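In: Below: sequence and its predicted model.
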Amino acid sequence: MAYNSYFPQYYQPMQQMPVNAPQMPSNVPQSNNSGIIWVQGEAAAKAYPVATGQAVLLMDSESSVMYIKSCDQSGMPQPLRVFDYTERNATASEAGIVKRPAEEYVLKSEFDEFRNEIKKSIKGIKKTKPVTSEVDDDE
């Protein structure tokens, strides 16, 4: 049995949006597909909008500088962090060698001499008898 509704229908059928409806322009700069956001100078990095609770890496297109701009959960922008980047030397980076000044290291022969001196001084301490003070009980 078919149900016939005696009540009027209060909803209207859905209408489709026109296909070529103009989109509203956005004030947020569009990033390219590479995932790198390029800005022109520190002023542009400071002006770049960041969502609440987010951080973005911005690369300067004018110099070898990158910026990290972040915003905390309350919407307050954090100070802009500025980093310089330089190219690594290919030979040192391939070998994984980090060059440090020679004065940070001790030669094995110097270390052995130092160790032997410490051993001799420890043996000298063990051979001496501890000095004890005798207290007079007459008083």
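Out: Perfect, thanks for sending it.
In: Next SSE downstream of the helix or strand bottoming out on mean pLDDT in the chain?
Out: The helix or strand of the chain with the poorest confidence is helix 90-95; it has a mean of 59 (mean pLDDT, DSSP states H and E). As assigned by DSSP states H and E, the chain's next helix or strand after helix 90-95 is helix 108-127.
In: Could you report the distance from E87 to Y67?
Out: According to CB to CB, to the nearest Å, E87 stands 19 Å off from Y67. The way it works is simple: take the backbone N, C-alpha and C, and place the C-beta from them, glycine included.
In: Which one's more surrounded, the two?
Out: Under the criterion of other CB atoms under 10 Å, the comparison of E87 against Y67 puts Y67 first, with 21 against 7.
In: wait, isn't the more buried one in contact with V82?
Out: Yes - using CB atoms under 8 Å, Y67 makes contact with V82 at a distance of 5.7 Å.
In: where do the strands sit along this structure?
Out: Counting by DSSP state E, one finds strands in the chain at the ranges 37-39, 55-60, 65-70, 81-84.
In: Same list, those, but as JSON lines with distance to P49 and mean pLDDT please.
Out: Compiled in JSON lines, the strands of the chain are given as follows (distance: least, CB to CB, whole Å; pLDDT from 0 to 100):
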{"stretch": "strand 37-39", "distance to P49": "11", "mean pLDDT": "93"}
{"stretch": "strand 55-60", "distance to P49": "9", "mean pLDDT": "94"}
{"stretch": "strand 65-70", "distance to P49": "9", "mean pLDDT": "94"}
{"stretch": "strand 81-84", "distance to P49": "17", "mean pLDDT": "93"}
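In: Please consider this matter closed, and thank you.
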